[in-house]
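Enquirer: would you be able to build a 3D model of this:
(chains A and B)
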Number of protein chains: 2
Amino acid sequence: MRSRSGMEQVLVENEVQQVRLLDSVNDEHGGVIVELSESMDSKVFASMLKASLALWRSQGKRGVWIKVPIELVNLVEAAVKEGFWFHHAEPKYLMLAFWIPEGAHTLPANASHRVGVGAFVMNKKREVLVVQEKSGIFQGKGVWKFPTGVVDEGEDICAAAIREVKEETAIDTEFLEVLAFRQSHKSFFEKSDLFFVCMLRPLSFDIEKQESEIEDARWMPWDEYEAQPFVQNHELVKHLVDICKAKEDEAYFGFSPVPLASKFSNEKSYLYVNDRDLKGSKVR
Amino acid sequence: MRSRSGMEQVLVENEVQQVRLLDSVNDEHGGVIVELSESMDSKVFASMLKASLALWRSQGKRGVWIKVPIELVNLVEAAVKEGFWFHHAEPKYLMLAFWIPEGAHTLPANASHRVGVGAFVMNKKREVLVVQEKSGIFQGKGVWKFPTGVVDEGEDICAAAIREVKEETAIDTEFLEVLAFRQSHKSFFEKSDLFFVCMLRPLSFDIEKQESEIEDARWMPWDEYEAQPFVQNHELVKHLVDICKAKEDEAYFGFSPVPLASKFSNEKSYLYVNDRDLKGSKVR
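Expert: Next comes the predicted model:
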């Protein structure tokens, strides 16, 4: 919905005859969103923004979002001078925010966590799928590790685990469970990290390693994997080895994804639960 | 470590006698970090940045980070003109990034997820701790729900659950388990959301509700909680009710936090695992 009503009133209030207003859409929380796309002089933008803020104020609007594509970086300073602050940024845009009412704002917090996955994939010969990486902290150290990677924006954890295994080794897999997860802090600057260890069942067996990131990939006998000094000296990996061994004996249950429909959007989401225990308790 | 060496060489190369270089520290990945703090003219900054980039290039540096406090927003445009892009932003600063080598950069991805917690707290009378919120989607609808909140930057999930219960109701609790978690997408703009449902044991029982956010708080008999239309009509909440009921019967096990020491920093982290199953498998 375009917010053009009240424009004339504002023009009169400002005693400015020619000033245009910024195009905006209303959000669901009583605020407005502006997506800048047209290049303009920063002084012209400043006067449009002043007039638009006066209008939104008169309309009782609350939060104001301005998405600035990096090509229009020349407009950022003018908005900050009007009291906007940085909310979040991605390579191609900066999101600015402003709160019109009195008192503390109720705008959502910025994303605080990066999410990663590690994949435990074992075949029926009790061999585990492992890789050596071309870069990172284990580069050149001969360490064989589970495939790992970063969950993309908008990607499900279960989908990311399948994708990373496929990309690094060309092995097709079915997602089974999240076995455990680790939360750590200051992974880069002030941001935190959530790392989900996932168990997947292999559906194919011929490895083809990714040239760009992977030095080597193989099926390794579990005892050989476990005997690596890297495993023995690394507290997190030792815990994971205990879990994977318990898992092998079917004595450990993690969380399985249950798809949820959303009433509020078309986006599906997943609830990860201990499905074995839930089913068990329903049977009783 | 300050990177001043090679300065004279660059000055000669640029045939500029007076240009200063930007103060920088080396990072652990072959790159440099600049934290701007001194206000300056954007043209002066542009020439310092050009000279600094020439030096870093000659030194074989890789990633370059520039942290721009919001007060120095006038310097952002000059950096973008040199090829810097937006990496992430917080209210008080914008982090710019640049990659000197040929080829795709290997800088860490931005944070993609916001993290929330919900708290299931039940007393020995089979009453659950519930609140009515003053704002949000359930405002004014008479819905009684578990205390919930956003995990702060750098905060552990288990600490956040205890803090939210304390803030909203003044009840002291001990953290027991993550019972389940949900991942959803596009929670705000393109960002995703991870919501951890936690079980806590109450250590105190006298409720004092938070004035600013909470309309009311009480201990509610479980059957009354479950009978609410909100519970019956909400797929996620229905799943959670099943879990909580199984949990009551000690027939459901979630993930408990195990503290991990880090070899790489003083930051502690937590691994969340199905501790019951792990202990069980060790006993056998």
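Enquirer: now A:G103: which helix or strand?
Expert: Per DSSP states H and E: A:G103 is located in neither a helix nor a strand.
Enquirer: ugh, typo on my part, it should be A:A180
Expert: A:A180 belongs to strand A:173-188 when assigned by DSSP H and E.
Enquirer: and what of A:V130?
Expert: Assigned by DSSP H and E, A:V130 falls within strand A:127-133.
Enquirer: quick one: that strand to strand A:173-188, angle?
Expert: 40 degrees (axes from the mean of the first three to the mean of the last three Cα atoms, to 10 degrees).
Enquirer: strand A:127-133 - contacts with which helices or strands?
Expert: Contact analysis of strand A:127-133 by 3 or more Cβ pairs under 8 Å, 6 or more residues apart in numbering or on different chains; DSSP states H and E lists strand A:113-121, helix A:157-169, strand A:214-221, helix A:222-227 as its packing neighbours. For glycine as for every other residue, the C-beta is placed from the backbone atoms N, C-alpha and C.
Enquirer: follow-up on the earlier one: from the contact counts, what lies against the helix or strand just after the strand holding A:A180?
Expert: Sequence order places strand A:191-202 as the next helix or strand after strand A:173-188, per DSSP H and E. Judged by 3+ Cβ pairs under 8 Å, 6+ apart, strand A:191-202 is in contact with strand A:113-121, helix A:157-169, strand A:173-188, helix A:235-248, strand B:113-121.
Enquirer: out of these, which is closest to B:D27?
Expert: Among those, strand A:173-188 comes nearest to B:D27, with 9.8 Å by Cβ to Cβ.
Enquirer: run a quick neighbour tally on the spatially closest residue to A:F196 that is not a sequence neighbour.
Expert: With Cβ to Cβ, 6 or more residues apart in numbering or on different chains as the criterion, A:F196 has its nearest non-adjacent residue at 4.6 Å, and that residue is A:F181. A:F181: 28 surrounding residues under other Cβ atoms under 10 Å in any protein chain shown.
Enquirer: the one 4 residues further on now?
Expert: Residues lying near A:H185 (other Cβ under 10 Å) number 19.
Enquirer: tell me the confidence at it?
Expert: What the model reports as pLDDT for A:H185 is 89.
Enquirer: secondary structure class of A:V68, three-state.
Expert: A:V68 carries the three-state label strand when classified by DSSP: H, G, I helix; E, B strand; the rest coil.
Enquirer: for it, give me its contacts.
Expert: By Cβ atoms under 8 Å, 6 or more residues apart in numbering or on different chains, the contact set of A:V68 is A:36, A:75-76, A:79, A:93-96.
Enquirer: using JSON lines, lay out the helices and strands packed on strand A:127-133 together with mean pLDDT and mean neighbour count.
Expert: Listed next are those as JSON lines, based on pLDDT from 0 to 100; neighbours: other Cβ atoms under 10 Å in any protein chain shown:
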{"stretch": "strand A:113-121", "mean pLDDT": "95", "mean neighbour count": "24"}
{"stretch": "helix A:157-169", "mean pLDDT": "97", "mean neighbour count": "22"}
{"stretch": "strand A:214-221", "mean pLDDT": "94", "mean neighbour count": "16"}
{"stretch": "helix A:222-227", "mean pLDDT": "92", "mean neighbour count": "14"}
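Enquirer: in JSON lines: these, plus distance to chain B.
Expert: Compiled in JSON lines, the helices and strands packed on strand A:127-133 are given as follows (distance: least, Cβ to the nearest Cβ, whole Å):
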{"stretch": "strand A:113-121", "distance to chain B": "5"}
{"stretch": "helix A:157-169", "distance to chain B": "6"}
{"stretch": "strand A:214-221", "distance to chain B": "14"}
{"stretch": "helix A:222-227", "distance to chain B": "15"}
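Enquirer: B:P202 is nearest to which of these?
Expert: Here strand A:113-121 is closest among those (Cβ to Cβ), at 28.1 Å.
Enquirer: counting by contacts, list what that closest one packs against.
Expert: Packing partners of strand A:113-121 (3+ Cβ pairs under 8 Å, 6+ apart): strand A:127-133, strand A:148-150, helix A:157-169, strand A:173-188, strand A:191-202, helix A:235-248, strand B:113-121, strand B:191-202.
Enquirer: quick one on the thing from earlier: which one of the helices and strands packed on strand A:191-202 lies nearest to A:P259?
Expert: helix A:157-169 (9.9 Å).
Enquirer: so what's the gap between that closest one and the chain middle?
Expert: Here helix A:157-169 is found 15 Å from its chain centre; the criterion is Cα atoms, centre = their mean, to the nearest Å.
Enquirer: between it and strand B:191-202, how many degrees?
Expert: 120 degrees.
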